[in-house]
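Colleague: pasting the structure only:
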């Protein structure tokens, strides 16, 4: 077949051993003296290219002569049974649900034995936990024959009449994941297998799998990756075309992101939906992206099961010997269209005429073994019949299912965190304050250098002196409040991990969690890890210049355990849009689709400060639009309303105006009896604003996060005299307070801050509005009207006020860009909306 020319040309005539006899394509190979093949590493990243080449030539000349390297203890008959189960599973689905999409493996049936071989060999070499990520093609087969998902639970997914449990939206069957611990029958050792759920966005799951793998290694103390590993399955078009593949590869050898090697298996259909390779990539091979990390790449004919088994065994041994990435390129075909309902002859007529003539690999392999006398025809037919009976029995049991439970497909369970029904053990959250002596101790460490003979920068000495002074005065700024939140959680045994671009110092040079010796290269100190002798470890790591890959990685890291605070910080808030796929497909919807709780925290610097369109807005409107609380439903205020609201929402969106509230919301994230993603719009100018400070009194034991911060000035003393009540959030509060003071309106205008925007604090907003019965209600924001918060808060205000009073808008006019790049224009528009905010006649005579 012409597509088999994708096999490596350097193998020359010896390539015939990798090809089925009737598919041999001869190649001219350079002599051995010309060096190793281009697809093998130079030795730069560990291992030896000559080692790999010699293994290949030794096996090609005499497959039986190679025992230690790449050897498989599985008899040929057992390999046939593995292949037959995969084939019969697809055939069973095709017979029972001929008009259903299932994205079957026909044309690459050997992928199941390939994955099982990698797992077997890895188990033999000490691996106990394998985390897999893959696209939809072949997923049901992997669930059934690799992970060992109960067949009846797979089959009942095809029943359109099955009622869904009240657990969320659910997802299509070929996106779901699974977690299973079982005995590996080849090694007789326990193995834990986790297939991570993922969306249709091909390759998006790659960094998620790597993050989860890294976390599992961390919690097991497996720094070398000897117990936990990852396998990623790719399609040829996606592997070459999706940029997140490149981003993920570039995390593979970074100290805080490495998973010590991944086995990549590429299902090379030689087509992407309807697109030919010549239109889909510029590189010779779809796997060439792996050459950026010098990973060895094995191209193997998927119609030769023994060659595939051998190569996969070598690949697993490579990963577990050298702890580096390796790629297996299964050169195969796709017997049907993109899905079972698709007609490929429209666009690839000649290719599919050839495919229709192609004898299925199971028949070829079975005929070969029967001819050689390895198995008999009767044995083969009995094995086929046996598996068919297993499927039929499971099909019968599946008809007894009445309710479809998404939780049966959970890929990352947290044993002991929820009750046996998967529900929170309580609906309460303890106070988030901590003792004063703990605050003082953390402040003292934060303002010191724990290591001796460690010379820091003179500018940093000034910053540390400032922290020491604040600690003595029992006040905190933003950076010190964050320090105290992290430090107190570490004391309580909670692992904290902060990742992102430049987070060690902080984009705005405010954090300085990693100190650098000014005289000794690469000598650093992390004072946060010197707080207490028995504290949990703190990880702070500058990431590569990637948002998509790194946010996906941190999301996966947060999946592994609920007893950690995992944060990703964008360099500027608007940069999160290059990771929008992770936000839309995993963070916003993950629990609804896959019953997967996740406590990831996104820190998004936000604020209109004249810095231009690309350094101002974290796009709060997008997060609020995706929030699932109902704007028109008048809530019932129960005793546990605050926590119940948090449990029912898909994520929490806050914009804190004080360091103390930032401190509390970080601690609340861990103390809640469940996990939700937390989106925090963090400040820039407020990091050093003289008024943006909090006292220890706002952070000590008994204090908590304030969803709303009420007016506490003169206006609050005589609320009946107040003419206007301004609601706002974030930095604009300080602009409003300054302008109110300059106009002498402290008694006539009250200002209330929404710290938690979503889920909307209906109960507290109702209380605030009723406190000022004669006041006009105004929402003021610094963002443009078509952005920011107004479209979210307005209908909710109308609901809680029963539409009896309007909520007027004050802020910038609608615009296409989120901010101006001209400093003067910025200041003019700021003055304009501040003037409107305190013009007490501006809304007179207007109707709503």
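Modeller: Looks like it arrived, so ask away. Just so it is clear, the model here is predicted, and its values are computed rather than measured.
Colleague: who's in contact with the strand or helix carrying residue 468?
Modeller: Per DSSP states H and E, residue 468 falls inside helix 458-473. Helix 458-473 is contacted from outside by 440, 443-444, 446-449, 456, 476-477, 479-480, 512, 515, 693, using Cβ atoms under 8 Å, 6 or more residues apart in numbering. (C-beta placed from N, C-alpha, C; glycine too.)
Colleague: 6 Å - rerun?
Modeller: Under the criterion Cβ atoms under 6 Å, 6 or more residues apart in numbering, residues 443, 446-447, 480 lie in contact with helix 458-473.
Colleague: Which parts of it count as buried, going by neighbours?
Modeller: Buried residues in helix 458-473, counting neighbours by 16 or more other Cβ atoms under 10 Å, are found at 460, 463-464, 467, 470-471.
Colleague: repeat for stretch 718-731
Modeller: 719, 722-731.
Colleague: for stretch 324-343, same thing?
Modeller: Under the neighbour-count criterion of 16+ other Cβ under 10 Å, stretch 324-343 has 324-338, 340 buried.
Colleague: need the next SSE after the helix holding residue 468, C-terminal direction.
Modeller: Reading on from helix 458-473 to the C-terminus, the next helix or strand found by DSSP H and E is strand 475-476.
Colleague: That next one pairs with which strands?
Modeller: Using DSSP bridges, strand 475-476 pairs in its sheet with strand 694-695 (antiparallel).
Colleague: Figure out how far stretch 673-686 is from the centre of its chain.
Modeller: Its chain's C-alpha centre and that of stretch 673-686 lie 17 Å apart, by Cα atoms, centre = their mean, to the nearest Å.
Colleague: Give me the contact list for it.
Modeller: Outside of stretch 673-686, the residues within contact range by Cβ under 6 Å, 6+ apart are 424-426, 562, 587, 597-607, 609, 618, 620, 623, 647, 651-655, 669, 692, 731.
Colleague: just stretch 530-549 next, same as before
Modeller: Applying Cβ under 6 Å, 6+ apart, the contact partners of stretch 530-549 are 207, 244, 247-248, 250, 256, 445, 450, 487, 490-491, 493-502, 504, 513, 528-529, 550, 575, 578-579.
Colleague: Try it again at 7 Å.
Modeller: Residues from elsewhere that reach stretch 530-549, judged by Cβ atoms under 7 Å, 6 or more residues apart in numbering: 207, 244, 247-248, 250-251, 254, 256, 442, 445, 450, 486-487, 490-491, 493-504, 513-514, 526, 528-529, 550, 570, 575-576, 578-579, 581-582.
Colleague: repeat for stretch 258-267
Modeller: With Cβ under 7 Å, 6+ apart as the test, stretch 258-267 has contacts from 108, 111, 114-115, 118, 137-138, 210, 213-214, 217, 224-225, 229-236, 239, 252, 286-287, 290, 315-316, 319, 323-330, 332.
Colleague: Pull out the buried residues from it.
Modeller: Buried residues in stretch 258-267, counted by 16+ other Cβ under 10 Å: 258-267.
Colleague: what's the answer for stretch 804-820, then?
Modeller: For stretch 804-820, burial by neighbour count (16+ other Cβ under 10 Å) applies to 805-812, 818-820.
Colleague: Which stretches in the stretch 701-848 of the chain count as helices?
Modeller: Taking DSSP state H, counting those that start in this stretch, the helices of the stretch 701-848 of the chain run over residues 714-717, 732-743, 762-771, 790-800, 823-837.
Colleague: So which of the buried residues of stretch 324-343 are in helices?
Modeller: Of the buried residues of stretch 324-343, none are assigned to helices by DSSP state H.
Colleague: how long is stretch 101-115 from one end to the other?
Modeller: In terms of Cα to Cα, to the nearest Å, the two terminal residues of stretch 101-115 are separated by 23 Å.
Colleague: Show the average pLDDT along it.
Modeller: Stretch 101-115 shows a mean pLDDT of 90.
Colleague: how about it: buried residues?
Modeller: In terms of neighbour count (16+ other Cβ under 10 Å), stretch 101-115 has its buried residues at 102-115.
Colleague: With residue 640 as the reference, measure out to the spatially closest residue to residue 171 that is not a sequence neighbour.
Modeller: For residue 171, ignoring the flanking residues on the chain, the nearest one in space by Cβ to Cβ, 6 or more residues apart in numbering is residue 593 at 4.3 Å. Computed as Cβ to Cβ, to the nearest Å, the residue 593 to residue 640 distance reads 26 Å.
Colleague: Can you tell me which of the buried residues of stretch 804-820 is closest to residue 278?
Modeller: Relative to residue 278, the closest of these is residue 818; by Cβ to Cβ it sits at 40.8 Å.
Colleague: what about the nearest residue to that closest one once chain neighbours are set aside, how many residues close to it?
Modeller: In space, and not counting its chain neighbours, residue 818 is closest to residue 617: 3.7 Å by Cβ to Cβ, 6+ apart. For residue 617, the count of nearby residues is 25 (other Cβ atoms under 10 Å).
Colleague: ok, residues contacting the helix or strand hosting residue 244?
Modeller: Per DSSP H and E: residue 244 is located in helix 243-249. Contacts with helix 243-249, where a contact means Cβ under 7 Å, 6+ apart, come from 203-204, 206-207, 210, 239, 289-290, 292-293, 546, 548-549.
Colleague: just the buried members of those residues?
Modeller: Those of the contacts of helix 243-249 that meet the buried threshold are 203-204, 206-207, 210, 239, 289-290, 293, 546, 548-549, by 16+ other Cβ under 10 Å.
Colleague: ok, so of the buried residues of stretch 804-820, who is nearest residue 432?
Modeller: residue 807 (30.1 Å).
Colleague: What's the ChimeraX line that selects buried ones from the contacts of stretch 673-686?
Modeller: In ChimeraX, this line selects whichever of the contacts of stretch 673-686 come out buried by 16+ other Cβ under 10 Å:
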select :424,562,587,597,598,599,600,601,602,603,604,605,606,607,609,618,620,623,651,652,653,654,655,669,692,731
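Colleague: Return the subset of the contacts of stretch 673-686 lying in strands.
Modeller: Judged by DSSP state E, these include 601-605, 652-654 as members of strands.
Colleague: Turn the residues you listed into TSV, including distance to residue 82.
Modeller: TSV is the format used below for these (distance: Cβ to Cβ, whole Å):
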residue	distance to residue 82
601	43
602	43
603	47
604	48
605	52
652	46
653	49
654	51
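Colleague: Can you say which two of those residues are spatially most distant?
Modeller: Once Cβ to Cβ is applied, those give 605 and 652 as the farthest pair, at 18.0 Å.
Colleague: tell me, how many neighbours does residue 566 end up with?
Modeller: Using other Cβ under 10 Å, residue 566 has 26 other residues around it.
Colleague: Could you say whether it sits in a helix, a strand or coil?
Modeller: Classification of residue 566 using DSSP: H, G, I helix; E, B strand; the rest coil returns strand.
Colleague: Contacts only, for it.
Modeller: Residues in contact with residue 566 (Cβ under 7 Å, 6+ apart) are 497, 554, 557-558, 599-601.
Colleague: Same list, the buried residues of stretch 258-267, but as a markdown table with secondary structure, distance to residue 847 and pLDDT please.
Modeller: Formatted as a markdown table, those follow (DSSP: H, G, I helix; E, B strand; the rest coil; distance: Cβ to Cβ, whole Å; pLDDT from 0 to 100):
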| residue | secondary structure | distance to residue 847 | pLDDT |
| --- | --- | --- | --- |
| 258 | coil | 63 | 98 |
| 259 | coil | 61 | 98 |
| 260 | coil | 67 | 97 |
| 261 | coil | 67 | 97 |
| 262 | strand | 63 | 98 |
| 263 | strand | 67 | 98 |
| 264 | strand | 63 | 98 |
| 265 | strand | 65 | 98 |
| 266 | strand | 64 | 97 |
| 267 | strand | 63 | 96 |
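Colleague: Distance to residue 273 added to those, as CSV?
Modeller: Below are the buried residues of stretch 258-267 laid out as CSV (distance: Cβ to Cβ, whole Å):
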residue, distance to residue 273
258, 33
259, 30
260, 34
261, 31
262, 26
263, 26
264, 21
265, 20
266, 16
267, 14
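Colleague: Closest to residue 770 out of these?
Modeller: For those, the nearest to residue 770 is residue 259 (54.9 Å; Cβ to Cβ).
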